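1. Structure for this input, please:
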Amino acid sequence: AELAPVEQEYTTASATHASGTATVREGLAALRAGRTLDAKKLEEAVDGVTQSVMRNADAMLLFTQLQQKGDYTQSHALDVSVYMTAFGRFIEMPPEDMRVLGHLGLLQDVGKVRLPDALIQKRERLTSEEFAQAQKHVVHSQEILRATPGLPPDLADLAVLHHERHDGSGYPKGLRGPEIGLIGSIAGIVDTFDALTARRPYAEAVAPSTALSMLYKWRGTFFDAYLVEQFIRFVGIFPLGSVVELNSGEVGIVITQNLEK
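-> Numbers count the residues shown, from 1 in each chain. All right, here's what the predicted structure looks like:
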């Protein structure tokens, strides 16, 4: 049961989202300037997201869908954090695991600050050399998180998992199935869903329903089949923020999901 109606939680969710975005922006700027991340500030951002999601996950997810997207690396980090935390709640993970998911969503791509801007902004297909260079962002993330005191203990090692794939075709280690683990598998699914539905320098956004169809097609090969099916149930047939035409001919926006099993 929800602890707050979506309309009430939406205001808190929007404020939490704004302060979380500022924290991510400051963190990336600190890393670019050669300073370390502020673990306390990051923890406050994750706590804000987790508490909002525990009260009413739909409010934060709705705000994520409706807000104007800014810098891809920044907005992607917070969106992934929100989706991972809310999905953790949906599959009834304990709150401490939801917090790890929240941290991971925010931080698993921080290694991109060590990649050249030209590579991140490139619109054309990457050459094989450029792709190999881009893949190193996961190892850079691991190094940065290892060097940051005060973060959850497993975070650095979890940060290298979101590009591993169920069939062993991912990177950096080509892990398969259970080797990726529950948290790593969730990270891969959510990272892919958010990347597909966001406008990136090299690709237009696809509709959430299209992204879910793609994930469904990849279940059992790239991603764990059970988790993909749960994620599709979690996002819903009409994702939050979708514009739908009602039987009456009126147009509405989906602001909450009916998750009765």
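
2. what's the residue nearest the centre of the chain in contact with, if anything?
-> Nearest to the mean C-alpha position of the chain, by CA atoms, centre = their mean, lies residue 80 at 1.3 Å. Residue 80 is in contact with 105-106, 108-109, 187, 190-191, 194, counting by CB atoms under 8 Å, 6 or more residues apart in numbering. For every residue, glycine as well, the C-beta is placed using N, CA and C.

3. any idea how far it lies from residue 192?
-> Distance, residue 80 to residue 192, by CB to CB, to the nearest Å: 10 Å.

4. same check, this time on residue 208
-> Where residue 192 is concerned, residue 208 sits at a distance of 12 Å (CB to CB).

5. For this structure, which segments count as helices?
-> Secondary structure of the chain, counting by DSSP state H: helices at 6-32, 39-66, 72-90, 95-107, 117-121, 128-135, 137-146, 155-158, 181-197, 208-218, 225-235.

6. could I get the ones you listed as JSON lines with mean pLDDT and distance to residue 169?
-> Formatted as JSON lines, those follow (pLDDT from 0 to 100; distance: least, CB to CB, whole Å):
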{"stretch": "helix 6-32", "mean pLDDT": "87", "distance to residue 169": "29"}
{"stretch": "helix 39-66", "mean pLDDT": "85", "distance to residue 169": "29"}
{"stretch": "helix 72-90", "mean pLDDT": "87", "distance to residue 169": "21"}
{"stretch": "helix 95-107", "mean pLDDT": "94", "distance to residue 169": "22"}
{"stretch": "helix 117-121", "mean pLDDT": "83", "distance to residue 169": "22"}
{"stretch": "helix 128-135", "mean pLDDT": "92", "distance to residue 169": "13"}
{"stretch": "helix 137-146", "mean pLDDT": "95", "distance to residue 169": "15"}
{"stretch": "helix 155-158", "mean pLDDT": "96", "distance to residue 169": "20"}
{"stretch": "helix 181-197", "mean pLDDT": "95", "distance to residue 169": "12"}
{"stretch": "helix 208-218", "mean pLDDT": "92", "distance to residue 169": "11"}
{"stretch": "helix 225-235", "mean pLDDT": "93", "distance to residue 169": "16"}
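
7. quick one: which of these is nearest residue 164?
-> helix 181-197 (6.2 Å; CB to CB).
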